[in-house]
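Chemist: Let's see this in three dimensions:
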Amino acid sequence: MISFVTLFARDVELTAEVYRRLGFDFTQEQHGSGRSHLAATNVGIVLEIYPGDDAVSPGVMIGVDIADLDEVRDKLLRAEIPVLRDIDPASGPRSMIASDPEGRKIFIRSRARYDSSIIYLMRLFYMGCEDGWMCHAAPCLNRTELLRISALPGYS
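Modeler: Modelled structure (predicted):
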């Protein structure tokens, strides 16, 4: 289980502003005699932003689950935060990719993943999973949760 992610940024405040718009609430921290930095806890994972020159991290993508994808998209666009891949309703669960000021990609998806357009896909993927987990479509769903969701009105 990941417990924290540390980012290095040339401009800590500018970088933090992007993550604030995604629901992170930062506080100033310092561990012992270490450098002062910003930290936020979101769903049990700590996100830290330290000042530093080694900011560009090729291949790093941060995933964030949010409640209202459309609202967050509007906030990002109003703030002129780069959206690298916009919401595509035809591609399955609603998601988008934005970029922070240091060039790191942020994969943003809606927590409301249980619309009828993906229940069928989740059922198909579940049929092929040996360990009882939704190993491809939604790894956070086990068989019991899938059956509970499938029993909801409109998901049969």
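Chemist: Assign Leu76 to helix, strand or coil.
Modeler: Under DSSP: H, G, I helix; E, B strand; the rest coil, the three-state class of Leu76 is helix.
Chemist: Next, work out how far apart it and Arg21 are.
Modeler: Using Cβ to Cβ, to the nearest Å, Leu76 is found at 6 Å from Arg21. Where C-beta positions appear, they are placed from N, C-alpha and C, glycine not excepted.
Chemist: for Phe107, same thing?
Modeler: On the measure of Cβ to Cβ, Phe107 and Arg21 end up 15 Å apart.
Chemist: which one of those two has more residues nearby?
Modeler: Here Phe107 and Arg21 are compared on neighbour count by other Cβ atoms under 10 Å; more neighbours surround Arg21, at 18 against 15.
Chemist: Break the chain into its domains for me.
Modeler: With domains defined by automatic domain parsing, the chain comprises 4-110, 116-150.
Chemist: Among those domains, show the one with the smallest mean pLDDT.
Modeler: Between the domains of the chain, the one with the least mean pLDDT is domain 116-150; it has a mean of 44.
Chemist: what about the residue nearest to His37 when sequence neighbours are not counted, helix or strand, and which?
Modeler: Spatial nearest neighbour of His37, excluding adjacent residues (Cβ to Cβ, 6 or more residues apart in numbering): Tyr50 at 4.3 Å. Following DSSP states H and E, one finds Tyr50 within strand 45-51.
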